[in-house]
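# From the sequence below, what's the structure:
(chains A and B)
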There are 2 protein chains.
Amino acid sequence: MRLISYRESGKPGIGVMVDDERFVALPTVAPDLPREMRALIEMVGGFARAAEAAQGRMADLRLADVALDPVVTVPNAIWCLALNYKLHINETGLTTSSQYPQIFLRMPCSQVGHLQPILCPDPAVATLFEYEGELAVIIGKGGRHIPVERALDHVAGYSCYNEGSVREYQSHNRQFGLGKNFEQSGSFGPWLMTPDEFGDPAAHRIITRVNGIERQNATTDLMVFGVPQLINYLSQGYYLRPGDVIVSGSPGSLPPHPGETPPPGRPGKVYVPGMVQMKPGDVCEVEISGLGTLRNPVAADAPARYQTSLYTPPGTGR
Amino acid sequence: MRLISYRESGKPGIGVMVDDERFVALPTVAPDLPREMRALIEMVGGFARAAEAAQGRMADLRLADVALDPVVTVPNAIWCLALNYKLHINETGLTTSSQYPQIFLRMPCSQVGHLQPILCPDPAVATLFEYEGELAVIIGKGGRHIPVERALDHVAGYSCYNEGSVREYQSHNRQFGLGKNFEQSGSFGPWLMTPDEFGDPAAHRIITRVNGIERQNATTDLMVFGVPQLINYLSQGYYLRPGDVIVSGSPGSLPPHPGETPPPGRPGKVYVPGMVQMKPGDVCEVEISGLGTLRNPVAADAPARYQTSLYTPPGTGR
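Model prediction:
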């Protein structure tokens, strides 16, 4: 089963995909089910009820009819991995522990859904806005001190993630902090695919494209810490909760394509030859084999001018 | 004005303190006002209405009558500062940028309110559970690209924060990740004090005590990046939202007291002679001059055994 989170006329809903474009709208066929993914995951037997409600139904809507939200709009936690693929470690020249994963956090407002624009910072703020195509794991059953051999029992599903990063801010100091949490700088979608359809998380391929040109292409068996190890590690200190997200790290870059001139190195910054920057007008895609493709246009963030309001800005996943 | 977040019979409420122990319960005197701090901060004129409702009223309840929550239970973001006091930088021997602050995130479930137990990890998991007494800044009016000279206009109030840290996990790799986000490992309270009463955030003293013995004692003018600079920096990439929290960093440790033997150094770990570990049965206090004292007993976290449930565990601020 593949499930999406969407908004139609501002109201949230969950859909069950019938093909790559059309879905059954659960608010129509099962109005008693939760309208938000985290609540559906928390509900005992929620996925089974969604499957049953959609079983044999014609699609109600197309993706183009709605606005897609991140697969889980407001998870309790979005745990992210730094340097979890060997090629990426090598190309950055950075050191990392071989014994423990390197973990940081993203906030829900730093991500958007499939087909929604991701925001490139104003050039007065930063210019090194870069993609990271990653496999996202969505937790189903909560747990603490989860053994490696039981870890995959705690997965509700998988999705694609573009862990968009503002490199200048990421490298301002030792902790990544703000550079991984710019407004609407990343994306999460198109859908959650359940483990029975996705299979082994270590047996897939991730491909990232900018304007149709491949920039990353690697298999998930190359993760330094695999999905079961990550679940085990995080649950040593934290009670993993239904709907939590683990973004399992970026593979390395492909080398520059023939005829491309690598940009000059940047003093004091990590420099990766095949990595290109995203600019307004670009389209970035993260495809995971057997799952689907997360696609986002890149738009310009608002100019770097003082803005103030008493209210939370719109479109930030809250 | 000093405002608390509390639960009584499981229902949330906001109180206006009349002295250090007693408060006017807003759900009683102003039932139309929001019952959660973030919503009250988001409401236009919310604080003025709370002040008006409490004006001249007798206290309804005492702190001991209720369970205190973190001052803001579920903020959109808890931004934390690493190495923001010179003595703390020196004592750790770590390097940090002098140009940009060092930022990481905590999650709401890693903190509890005043008088609630903070959880010391099971010894099978970790033994280096340490306090960090800090000044917390709570954002009022939201904003982006906030100039330094307007930054304090965006503050709703101040509070104390114990940024409890599990050092083994913090030093597992380069990003702090899990070590700063153990379940209920930190605390935030006792109350929010509005800026008209608190005054200049750079003109206060922070004292941390374990079992009544002073372990940290420093003035907030020693911050490397002051509160206005932090607000300016974060808002360059992120739309600061009402109720957001900035935890402004830990001062250094006092040296061991006469007669105390510093524990032996620990290989590969940062070693600070006057720093002691919190153990179940201890009481940890963070006092900020002119504001008050955040006090928490230390309790033992559950044993390191596999636990699982479909539901979010209780008492985690959600």
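
# what is the mean pLDDT for stretch A:49-65?
In this model, stretch A:49-65 has an average pLDDT of 96.

# Next to chain B, which bits of the stretch 151-300 of chain A? Give me the list.
Taking Cβ under 8 Å from any Cβ of the partner chain as the test, the list of the stretch 151-300 of chain A residues beside chain B reads A:154, A:166, A:169, A:172-179, A:181-183, A:233-234, A:236-239, A:241-242. The way it works is simple: take the backbone N, C-alpha and C, and place the C-beta from them, glycine included.

# what about the residue positioned nearest the centre of chain A, which helix or strand?
Most central in chain A under Cα atoms, centre = their mean is A:Tyr161, positioned 2.3 Å from the mean C-alpha point. A:Tyr161 is located in strand A:155-162, with elements delineated by DSSP states H and E.

# helices and strands around that strand, which ones?
For strand A:155-162, the contact count by 3 or more Cβ pairs under 8 Å, 6 or more residues apart in numbering or on different chains; DSSP states H and E identifies strand A:133-139, strand A:186-193, helix A:195-198, strand A:283-288, strand A:292-300 as packing neighbours.

# Would you mind putting those into TSV with distance to B:Leu94 alongside?
Putting these into TSV (distance: least, Cβ to Cβ, whole Å) gives the following:
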stretch	distance to B:Leu94
strand A:133-139	29
strand A:186-193	29
helix A:195-198	41
strand A:283-288	35
strand A:292-300	36
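
# re the thing from before, and the strand holding A:Tyr161, how far from the chain's centre?
What separates the centre of strand A:155-162 from the centre of its chain is 7 Å, taken as Cα atoms, centre = their mean, to the nearest Å.

# Could you do stretch A:297-307 as well?
Between the mean C-alpha location of stretch A:297-307 and the chain-wide mean there is a distance of 21 Å, by Cα atoms, centre = their mean.

# Name the residues that touch that stretch?
Counting contacts by Cβ atoms under 8 Å, 6 or more residues apart in numbering or on different chains, the residues outside stretch A:297-307 that touch it are A:115, A:117-122, A:124-125, A:129, A:182-184, A:278-284, B:143-147, B:150, B:236, B:239.

# could you give the mean pLDDT of that stretch?
The average pLDDT for stretch A:297-307 rounds to 95.

# Surely A:His114 touches A:Pro190?
Yes - counting by Cβ atoms under 8 Å, A:His114 touches A:Pro190, with 3.7 Å between them.

# what is in contact with these two at once?
Common neighbours of A:His114 and A:Pro190, using Cβ under 8 Å, 6+ apart, are A:Ile4, A:Leu63, A:Leu68, A:Leu294, A:Arg295.

# Serialize those to a markdown table and add fields for neighbour count and distance to A:Glu260.
Written out in a markdown table, the entries for these read as follows (neighbours: other Cβ atoms under 10 Å in any protein chain shown; distance: Cβ to Cβ, whole Å):
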| residue | neighbour count | distance to A:Glu260 |
| --- | --- | --- |
| A:Ile4 | 26 | 35 |
| A:Leu63 | 20 | 33 |
| A:Leu68 | 23 | 32 |
| A:Leu294 | 27 | 24 |
| A:Arg295 | 19 | 23 |
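
# hmm, which two among the residues you listed are most spread apart?
Greatest spatial distance in those: A:Ile4 and A:Arg295, 13.6 Å, computed using Cβ to Cβ.

# Quickly list what's touching both of these two.
Both A:Ile4 and A:Arg295 are in contact with A:His114, A:Pro190, where contact means Cβ under 8 Å, 6+ apart.

# Tell me if A:Asn173 really is in a strand.
No - assessed with DSSP: H, G, I helix; E, B strand; the rest coil, A:Asn173 is coil; it does not lie in a strand.
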